[in-house]
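In: Sequence first, predicted model second:
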Amino acid sequence: MIVQILDYLKQLFTGRVGVRTLGGPLMVYQMAGDVANWGFDYLLLFLAFFNINLCVFNLMPLPPFDGGHLAMLAYEGIARRPVNRRCANG
């Protein structure tokens, strides 16, 4: 599942897949309802995929996500000095 998510992100950033394929909370709700009609085992698989998807996005090295905080901590550890917060905030 992680490989599929990373492959999709690669396609999204290279333009092979459009942003119209993304969905918000309403699409997740609709998909969960559809998958629940297929059976409980499919619903569990969908929920696992959704949680892994959230994990991957949360670990992206962008400032609002946890991955951005980890990247800043890694930089501070390597550089052995704190990040200039004025530059880090834009």
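Out: Perfect, thanks for sending it.

In: Let's test this: name the helix or strand in this structure with the lowest mean pLDDT.
Out: Sorting the helices and strands of the chain by mean pLDDT, DSSP states H and E puts helix 85-88 at the bottom, at a mean of 63.

In: contacting residues for the spatially most central residue of the chain?
Out: For the chain, the residue nearest the mean C-alpha position is Phe57 (1.3 Å; Cα atoms, centre = their mean). The contact partners of Phe57, taken as Cβ atoms under 8 Å, 6 or more residues apart in numbering, are Phe65. C-beta: built from backbone N, CA, C; applies to glycine.

In: Give the buried residues for the one helix or strand it maps to.
Out: Phe57 belongs to helix 40-58 when assigned by DSSP states H and E. Neighbour-count burial for helix 40-58, with 16 or more other Cβ atoms under 10 Å as criterion, is recorded at 43, 46, 53, 56.

In: Just the C-alphas of it, formatted as CSV.
Out: What follows is helix 40-58, C-alpha atoms only, in CSV (Å, rounded to 0.1, in the frame of the first residue of the first chain):
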residue,chain,number,x,y,z
PHE,A,40,-16.6,-5.8,6.4
ASP,A,41,-13.2,-7.2,5.2
TYR,A,42,-13.1,-4.6,2.4
LEU,A,43,-14.0,-1.9,4.9
LEU,A,44,-11.1,-2.9,7.1
LEU,A,45,-8.8,-2.9,4.0
PHE,A,46,-10.0,0.6,3.1
LEU,A,47,-9.5,1.9,6.6
ALA,A,48,-6.0,0.5,6.6
PHE,A,49,-5.2,2.1,3.3
PHE,A,50,-6.7,5.4,4.5
ASN,A,51,-4.6,5.4,7.7
ILE,A,52,-1.4,4.6,5.8
ASN,A,53,-2.2,7.4,3.3
LEU,A,54,-2.6,9.9,6.2
CYS,A,55,0.7,8.7,7.7
VAL,A,56,2.6,9.2,4.4
PHE,A,57,1.2,12.6,3.9
ASN,A,58,1.9,13.6,7.5
